[in-house]
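> Have a look; sequence and predicted model below, questions after that.
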Amino acid sequence: MALPLAALAVVLLARHRARAGHPAPVRTALADIGVPIGTAPWIWMILTPSNRPSTISPIPLHELLAMSLGPWQTTFVQVGGNLLVFAALGALLPLRSPRFASLPRVALLAALASLTVEALQYGLRLGRVSSIDDILVNTAGAVLAALITRRWWSRSIPGGTVPR
């Protein structure tokens, strides 16, 4: 239900920016609406309380290894979901701002955002596992999404070059 409203918001924001003489009205409007719309549902799901105790898994790849020994469907859903958490951010933020038009910057921002979410999960005692693996996979998802949109970055940056 939110997608038609998001599309309308992109159109209206792009029109407003075009009238104001903005150099890339559609691209920036798409990013400004797309990042929160693409990220908020995942964050909502991650921060939904459960009836289990809150735990921390600080050992890298421990949770992923344990998950890989279980049913493939669980692994697919867990890893796939974590790859998508910050995918909208990774795909659209470099289009929005030349400051973030580099993979290391996308990775750093996604890692910090993911660390914040994991800390909130634990600090708010939501009954979830706060895992370093979630941070790694969330970050990887943002970087993979950024790689997918990388060919469009140069069109959104004045001068048409992509910083490395």
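That came through fine. Being a predicted model, the structure only gives us computed values, none of them experimental.
> would you list every one of the helices in the protein?
If DSSP state H is used as the criterion, the helices of the chain fall at 2-19, 25-46, 62-68, 72-84, 87-96, 103-123, 132-156.
> Torsion angles phi and psi at V85?
Geometry field for V85 lists phi and psi as phi -50, psi -50, criterion degrees, to the nearest 10.
> Might you report the residue contacts of H16?
P25 (CB atoms under 8 Å, 6 or more residues apart in numbering). For glycine as for every other residue, the C-beta is placed from the backbone atoms N, C-alpha and C.
> Distance check, it against A29.
Summarising the geometry, the distance separating H16 from A29, computed by CB to CB, to the nearest Å, is 8 Å.
> repeat for A107
With the distance defined as CB to CB, A107 ends up 25 Å from A29.
> Give me the more crowded residue out of the two.
A29 (22 against 16; other CB atoms under 10 Å).
> Hmm, the more buried one is touching A18, no?
No - the pair formed by A29 and A18 falls short of the contact definition of CB atoms under 8 Å, at 9.1 Å.
> Pull the contacting residues for A2.
For A2, counting by CB under 8 Å, 6+ apart, the contacting residues are I37.
> And it, what's its pLDDT?
Reading off the per-residue confidence, A2 sits at a pLDDT of 83.
> What separation do you get for it and P36?
As judged by CB to CB, A2 and P36 stand 10 Å apart.
> Tell me who's in contact with T116.
The neighbourhood of T116, defined by CB under 8 Å, 6+ apart, contains no residues.
> distance of it from N138?
11 Å.
> Please name the nearest non-neighbouring residue to the most centrally placed residue in the chain.
Within the chain, the residue whose C-alpha comes closest to the C-alpha centroid is F86; the distance, by CA atoms, centre = their mean, is 1.2 Å. Excluding its sequence neighbours, the residue lying closest to F86 (CB to CB, 6 or more residues apart in numbering) is A142, at 4.0 Å.
> Contact partners for the one you found?
F86, A87, L89, G90, V106, A107, L109, A110.
> Kindly give the local confidence score, pLDDT, for it.
A142 is assigned a pLDDT of 98 by the prediction.
> how many other residues sit next to R99?
Other residues lying near R99 total 12 when counted by other CB under 10 Å.
> again with the one 3 residues further on
For S102, the neighbour count with other CB under 10 Å is 17.
> A18 now?
Look at A18: counted by other CB under 10 Å, it has 14 neighbours.
> Equivalent analysis for L124, please.
By the other CB under 10 Å criterion, the neighbourhood of L124 contains 12 residues.
> any idea how far I33 is from it?
Plainly put, L124 is 28 Å away from I33 if you go by CB to CB.
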